[in-house]
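>>> can you look at this prediction? I've put the sequence above it.
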Amino acid sequence: MEELTCNQKVVLQGVLESNDPEVFQEVITEANYELIAPYITRAMQNPSDLTEIITQLSASLDEPEETTHTSNYKSVDLRANTGDSRDMNTITRNEFESKLSEIESKADLRVEKLGNEMLQVISELRIERADRDAKMTQSLADSNEKMTQNFTTIQVQQGQLETQIKSVTNLKGHIWGAFLALAAIIVAVLALNVTSFDSGRNTAADIEKNRYEMLEKSNQRDSEIKSINETLRELTELVKESNKKAE
């Protein structure tokens, strides 16, 4: 095989490593393709030789480039280098620093925005907590006031109940007194009847007189008994009402 230049070796190495159909097509259409065709053919026929070929080409890059080349070779080398480097983009220091500064600015803005959002959330939480504490304090105050009112009402009702119990006790005493008075009246009436009967046995006039007096007294007793019955009825109603209130 004819000896290749360093540039041609670089082109061959790029072709073998890239395995790109477009690169192969561009190399095949070159005028001096026959110089590197044997290497490509060898690599395609025996892929295991690819590593050895690339190693040999890499080692030969350090050899000094021959100074005597035709203008056609230089043209091929120039086009090959241009094709290999068409997708490369070398960033400068200024561009790198500008990009880094832009990233830092964006990061600072994000941090500042996040800090402001956190401060706003904390402020809202503090306001909500203050409102909740105020509502709880007011609720406790209302509950205490209501409990105090209920306790006072219970004490008043207890006093009223004790008064009603005393009234019922006194009423029972009055009822017993009324029964005793009624019994005394009945006994007196019976005694009066007996006395009137004894005193009127002698004469008819006395009997007639006593009958008239007894009739009047009987009417009077009936009125008194009726009055006593009404009084007892009223007392009974009072006792029933007192018992209902006590329950």
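Happy to help now that I have it.

>>> in this structure, which helix is the longest?
Identified as the longest helix of the chain according to DSSP state H is helix 93-199.

>>> any weak-confidence spans in the chain?
1-91, 168, 171-174, 193-207, 210, 242-243, 245-247 (pLDDT under 70).

>>> helix or strand next in line after the longest helix of the chain, which one?
As assigned by DSSP states H and E, the chain's next helix or strand after helix 93-199 is helix 204-246.

>>> okay, the angle between that next one and helix 93-199?
Angle of helix 204-246 versus helix 93-199, following axes from the mean of the first three to the mean of the last three CA atoms, to 10 degrees, is 170 degrees.

>>> helices or strands next to helix 204-246 in the packing?
helix 93-199 (3 or more CB pairs under 8 Å, 6 or more residues apart in numbering; DSSP states H and E). The way it works is simple: take the backbone N, C-alpha and C, and place the C-beta from them, glycine included.

>>> burial of V156, as a residue count?
When counting by other CB atoms under 10 Å, one arrives at 10 neighbours for V156.

>>> how near is it to E112?
66 Å (CB to CB, to the nearest Å).

>>> kindly report the same for L100.
19 Å.

>>> now do K99
20 Å.

>>> from the contact counts, what lies against the longest helix of the chain?
helix 204-246.

>>> which residue ranges make up each domain of the chain?
6-84, 157-246 (automatic domain parsing).

>>> pretty sure V189 sits against D222.
No - using CB atoms under 8 Å as the test, V189 is too far from D222 to be in contact (10.2 Å).

>>> show me which of these two is the more surrounded one.
V189 (16 against 10).

>>> tell me who's in contact with the more buried one.
K217, R221 (CB atoms under 8 Å, 6 or more residues apart in numbering).

>>> how near is it to L235?
For V189, the distance to L235 - CB to CB - is 21 Å.

>>> cool, and A188?
In terms of CB to CB, A188 sits 21 Å off from L235.

>>> okay, these two: which has more neighbours?
A direct count of neighbours by other CB under 10 Å for A188 and L235 places L235 higher, at 16 against 11.

>>> now the more buried one: how far from M214?
Counting by CB to CB, the gap from L235 to M214 is 30 Å.

>>> what does T236 give?
With CB to CB as the criterion, T236 and M214 are 31 Å apart.

>>> same check, this time on N170
38 Å.

>>> kindly report the same for R93.
150 Å.

>>> and those two? Which one has more around it.
M214 (17 against 7).

>>> how about the contacts made by L125?
Counting by CB under 8 Å, 6+ apart, there are no residues that L125 touches.

>>> T163 and N144, how far apart?
Going from T163 to N144 by CB to CB gives 29 Å.

>>> typo on my end, it should be I122
With CB to CB as the criterion, I122 and N144 are 33 Å apart.
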